[in-house]
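[1] Need the 3D shape of this:
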Amino acid sequence: MRGASWHARIECAGAVAGAGFLVTPTTVLTCAHVVQSSEPGTLTVSFPQRPDLVGLPATVAVHGGWRGGATDPGDLAVLELARDVPLTPARFAPLDAERTLPELALEAYGFPEGYDEGQLAWYRARSATRIAGEWVQLEAMAGHGQPLTHGFSGAAAALPDGRVVGMVAQVAGEPGVLVARMLPTEVLARHWPALGELVPAHQGAGYPARRLYELVRRAEATGLRCSPDQLFVDAVGDFGPPLPPGGFPSLRAAAGYVQWEVAEPAEALTRFADRLTDLLDGPGPAAPAPAGSAAWAPILVEIDRSGAGPDQVTVAVSAYRDGRRRPVGTVRLPRAEVQAHVQRSIDRAFAELSFDADELLAFALPRELLNLPVAHWACSADDPTPLGCAHPVVVTDRSRHHSARLRHQLGKKWRKLDTGGKPELHRVDCDTPSLGLRKRLREQEAGLAGFAAPPTAVPEHFDVGLNMPVPVLLWPREGCPGAAAHPTPCTGTAFLDALAPHVAGVHPAELPRRIQQLREEAEAEEEPERHWAREVQLLWDDPRCFPEPAASLHTPVA
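    Numbers count the residues shown, from 1 in each chain. Here you go, the predicted structure:
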């Protein structure tokens with residue numbers, strides 16, 4: 001603390017009101033209750049260790065929301081000085097310093113009655129546990145010494161090396177009581193998000209928060225229109241903390257929340273910064289369109305088990321533009337709420353696509369949900385049109401969508417499909433024996449397979465087709481129950497007979513659009529439920545349409 005000239009004395013109309021500390025050349029922190037009675041033009045700040053810096057005019061620039069009660073949160077005021085002061089501001093301890101508080105002595109520089117030049121007090125936090133989520137309790141190092149009384153409110157609580165870990169906010173109410181409370185740095189940043197930029201995560205120089213806050217300043221200066229809530233959700237991933245009630249009032253508040261509330265936040269801060277860079281500068285160079293493939297602009301909806309219970313799933317929605325993935329949002333929610341959430345998210349995802357894009361709605365599903373009737377879901381609460389009639393809708397197996405090995409094999413098969421003509425439909429009837437199916441699919445280099453029964457009826461057939469992997473699979477969502485209860489005549493055989501001429505001569509890259517047309521034809525019938533194509537499900541998997549980012553967005557954040 002020696003030579004720490006950043007300690008400040010706060011005065012109202014010439015009388016000492018409390019303490020404070022300099023955090024930027026023009027900014028001083030103190031308690032809101034210290035300045036509550038100041039009249040306009042009467043608030044001044046002095047630096048006792050610099051006699052030439054006395055009585056500097058100041059104004060309250062930010063108020064932490066304190067309402068006047070002894071136990072009300074937000075007892076913080078940010079004072080703006082009328083001019084820069086030639087002093088080195090206080091340094092803050094890293095993010096994880098609070099865990100070691102019970103092991104260290106804390107020093108406070110305050111101004112009790114009769115000590116306008118200042119007085120020191122030494123205290124310790126016996127526990128890092130917060131009272132009401134706001135304060136850390138302080139107790140004197142010994143049974144004697146300077147109590148934290150009136151005049152210490154707003155003083156920095158500093159480690160022996162001078163780095164700040166909090167601010168004294170509540171002082172002893174009775175003479176001789178050697179207990180007080182402080183607001184730790186993290187709580188101060190919650191009430192004043194700009195503080196997050198001043199707090200290091202660790203001793204290293206490459207911490208991503210610095211980059212993020214530079215981008216936040218650019219966004220504020222340019223008036224960037226964006227959703228802080230959405231950026232937060234995209235940054236923290238599937239298992240990060242939920243949005244706080246009411247969301248975030250500003251981009252800076254969202255960045256600060258990621259910094260403070262996410263355990264080991266470096267990865268989340270990097271994702272936040274990458275997404276904000278895209279919004280400020282636009283995406284990087286466009287990836288080349290896959291040769292021979294339709295120039296699809298996919299909207300990807302990933303649904304998976306959340307691990308939080310059988311009724312809970314995780315839904316992540318992204319849009320692809322110019323070869324770059326643009327996250328729209330990730331949430332955990334009950335299965336009953338999935339359809340409504342997906343409707344809203346898809347609508348938002350369209351804002352990421354260019355007007356000349358050919359949209360493709362792709363649902364990456366767990367294997368047990370591949371038969372989910374996503375093509376029948378309504379476009380919105382106000383538009384009952386089935387998604388599969390309004391847009392090309394496909395599904396894919398989530399496990400192979402994220403398998404580097406299978407993505408590599410699929411990419412090789414698509415290159416052959418692009419140069420080898422139009423593949424024939426390889427029929428897998430419901431009574432086809434599983435034994436030898438893999439060998440037949442491999443020998444025929446199957447690129448397009450039609451199944452006579454849904455995955456729930458013949459799971460062993462689908463496991464072979466998915467793991468080979470065959471790029472395109474088609475099947476009826478309803479119909480034949482499989483070989484175990486095989487009816488005559490077989491509805492699955494009739495389905496494949498009807499399907500074959502409609503896919504013959506169609507390049508696999510164009511099948512999503514062709515299946516959309518068949519769904520529209522079925523829906524236009526007087527009895528659409530009797531049309532063979534109404535329940536057709538298309539699994540279409542070209543990994544070149546879904547380029548993965550350099551750092552996977554699927555890594556969960558603790």
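[2] contacts and neighbour counts: CA atoms only from here.
    OK.
[3] Can you tell me whether I have it right that Val301 is in a strand?
    Yes: secondary structure of Val301, determined by DSSP: H, G, I helix; E, B strand; the rest coil: located in a strand.
[4] Look up how far Pro366 lies from it.
    Distance of Val301 to Pro366, computed by C-alpha to C-alpha, to the nearest Å: 12 Å.
[5] Just want to know which of these two has more residues nearby.
    Between Val301 and Pro366, Val301 has the larger neighbour count (other C-alpha atoms under 10 Å), namely 23 against 18.
[6] ok, the residue nearest to Arg400 when sequence neighbours are not counted - contacts?
    Of all residues not flanking Arg400 in the chain, Leu406 sits nearest, at 5.8 Å (C-alpha to C-alpha, 6 or more residues apart in numbering). Listed by C-alpha atoms under 8 Å, 6 or more residues apart in numbering, the contact partners of Leu406 are 400, 467, 469.
[7] What about those residues, which one has the most neighbours?
    For the contacts of Leu406, the largest number of neighbours (other C-alpha under 10 Å) sits with Pro469, at 23 neighbours.
[8] Wait, it touches Leu410, no?
    Yes: under the criterion of C-alpha atoms under 8 Å, Pro469 lies in contact with Leu410, with a separation of 6.6 Å.
[9] of all the contacts of Leu406, which comes closest to Arg442?
    Proximity to Arg442 was ranked across the contacts of Leu406 by C-alpha to C-alpha; first place goes to Pro469, at 9.2 Å.
[10] Please identify which helix or strand holds that closest one.
    Remark: Pro469 resides in no helix or strand, with elements defined by DSSP states H and E.
[11] For it, give its distance to Pro543.
    Plainly put, Pro469 is 12 Å away from Pro543 if you go by C-alpha to C-alpha.
[12] shared neighbours, these two?
    Leu410.
[13] So Arg442, which state does it fall into?
    Of the three states, Arg442 takes helix according to three-state DSSP.
[14] and the closest residue to it other than its chain neighbours, how many neighbours does it have?
    When the adjacent residues along the chain are set aside, Arg442 lies closest to Met468, with 7.4 Å between them (C-alpha to C-alpha, 6+ apart). For Met468, the neighbour count with other C-alpha under 10 Å is 18.
[15] next one: Glu220
    If you count neighbours by other C-alpha under 10 Å, Glu220 ends up with 14.
[16] His502 now?
    Going by other C-alpha under 10 Å, the residues that sit close to His502 add up to 13.
[17] Am I right that it sits in a strand?
    No: with three-state DSSP as the criterion, His502 is assigned helix and is not in a strand.
[18] quick revisit: quick one: contacts for the residue nearest to Arg442?
    For Met468, the contacting residues are 438, 441-442, by C-alpha under 8 Å, 6+ apart.
[19] now do 10 Å
    Met468 makes contact with 406, 409-410, 438-439, 441-442, 445-446, 462 under the criterion C-alpha atoms under 10 Å, 6 or more residues apart in numbering.
[20] Repeat that for Glu113.
    Applying C-alpha under 10 Å, 6+ apart, one finds that Glu113 lies in contact with 16, 119, 149-151.
[21] ok, back up a step: and the residue nearest to Arg400, which of the three is it?
    With three-state DSSP as the basis, Leu406 sits in helix.
[22] same question, the one 3 residues further on
    Judged by three-state DSSP, the three-state class of Gln409 is helix.
[23] where exactly do the strands run in the stretch 151-300 of the chain?
    In the stretch 151-300 of the chain, the segments counted as strands under DSSP state E, counting those that start in this stretch are 156-158, 164-170, 179-184, 296-305.
[24] circling back to that earlier point, how far away is the residue nearest to Arg442 from Leu437?
    Distance of Met468 to Leu437, given as C-alpha to C-alpha: 10 Å.
[25] do the same with Arg225
    Using C-alpha to C-alpha, one gets 54 Å for the distance from Arg225 to Leu437.
[26] Tell me which strands the longest strand seen in the chain pairs with, and in which orientation.
    Longest strand in the chain, counting residues (DSSP state E): strand 119-131. Sheet pairing here is set by DSSP bridges, and for strand 119-131 it gives strand 106-110 (antiparallel), strand 135-140 (antiparallel).
[27] Could you identify which of those is most buried?
    Comparing the strands paired with strand 119-131 on average neighbours per residue, with mean count of other C-alpha atoms under 10 Å, the densest one is strand 106-110 at a mean of 26.
[28] Comparing Arg225 and Leu437, which residue is more hemmed in?
    Between Arg225 and Leu437, Leu437 has the larger neighbour count (other C-alpha under 10 Å), namely 16 against 11.
[29] my read: that one touches Val428, true?
    Yes: between Leu437 and Val428 a contact is recorded at 8.6 Å, counting by C-alpha atoms under 10 Å.
[30] Which residues are in contact with each of the two?
    Overlap between the contact sets of Leu437 and Val428, as judged by C-alpha under 10 Å, 6+ apart, is given by 461, 465.
[31] out of the contacts of Glu113, who's nearest Arg130?
    Using C-alpha to C-alpha, Thr149 is the member of the contacts of Glu113 that lies nearest Arg130, at 20.9 Å.
[32] low-confidence ranges in the stretch 1-150 of the chain?
    Counting by pLDDT under 70, the ranges of the stretch 1-150 of the chain that qualify are 1-3, 96, 98-100, 143.
[33] circling back to that earlier point, tilt between the longest strand of the chain and strand 179-184?
    Strand 119-131 and strand 179-184 are oriented at 70 degrees to each other (axes from the mean of the first three to the mean of the last three C-alpha atoms, to 10 degrees).
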